[in-house]
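# Okay, here's the prediction I keep looking at, along with the sequence it came from:
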Amino acid sequence: QVQLVESGGGLVQPGGSLRLSCVLSGSTLSRYAMGWHRQAPGKQRELVASISTFGTAIYADSVKGRFTITREYAKNTVYLQMNSLKPEDTAVYYCNVGQAQYNIYIDGNIWGQGTQVTVSS
């Protein structure tokens, strides 16, 4: 059974940084494209970053230049490095396993439990 566990969230001041981690168990990370989404209170969940099986990363305009998605196969882990954080980045962040038949990221039905990121002074 494929499962995801996120960690690394917390409270940070504006301009600060956090690194989120997402550990995949029950399968091999190299098989999948992966995505990071977030959901702020009262808003729909949105895709902020994705990475294809080829390593191509795509970012939402709102985070481009500030967030970086990477993966480490040896640890079966995907990361989201978040720099220059803003209050509007406050949300619960979720990682997602892409559909296995695609090399590019197409969101699938396996989600982690989420990790809270709060940006506030």
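Received, thanks. Residues are numbered from 1 along each chain as shown.
# Which parts of the protein are strands?
3-7, 10-12, 18-25, 34-39, 46-51, 57-59, 67-72, 77-82, 91-98, 107-111, 115-119 (DSSP state E).
# hey, least reliable of these by pLDDT?
Per-stretch averages of pLDDT across the strands of the chain put strand 107-111 at the bottom, with a mean of 92.
# what angle sits between it and strand 46-51?
100 degrees (axes from the mean of the first three to the mean of the last three C-alpha atoms, to 10 degrees).
# Note down every partner strand of strand 107-111 and its orientation.
Strand pairing for strand 107-111, determined by DSSP bridges: strand 91-98 (antiparallel).
# who's in contact with the residue nearest the centre of the chain?
For the chain, the residue nearest the mean C-alpha position is Trp36 (2.6 Å; C-alpha atoms, centre = their mean). For Trp36, the contacting residues are 20, 22, 47-50, 69, 78, 80, 93-96, by C-beta atoms under 8 Å, 6 or more residues apart in numbering. C-beta here means a position set from N, CA and C on the backbone, and glycine is covered the same way.
# and if you look at Gly35?
47, 49-51, 95-96, 98, 105, 107.
# per-residue confidence for Ala100?
The model's pLDDT for Ala100 equals 86.
# Please apply the same query to Glu88.
For Glu88, pLDDT reads 96.
# Quick check: it vs Tyr94, distance?
17 Å (C-beta to C-beta, to the nearest Å).
# In terms of neighbours, single out the busier of those two.
Tyr94 (21 against 10; other C-beta atoms under 10 Å).
# Please name the bridge partners of the more buried one.
His37.
# quick one on the thing from earlier: who wins on neighbours among the contacts of Gly35?
Counting by other C-beta under 10 Å, top hit in the contacts of Gly35: Cys95 with 28 neighbours.
# Just confirm it contacts Val78, I think it does.
Yes: counting by C-beta atoms under 8 Å, Cys95 does reach Val78; the two are 6.0 Å apart.
# Touching both of those two, which residues are there?
22, 34, 36.
# Who are the contact partners of Tyr79?
19-22, 69-72.
# Spell out for me the PyMOL command that would select the buried members of those.
Here is the PyMOL selection string for the buried members of these, based on 16 or more other C-beta atoms under 10 Å:
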select buried, resi 20+21+22+69+71
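# Many thanks, we can stop here.
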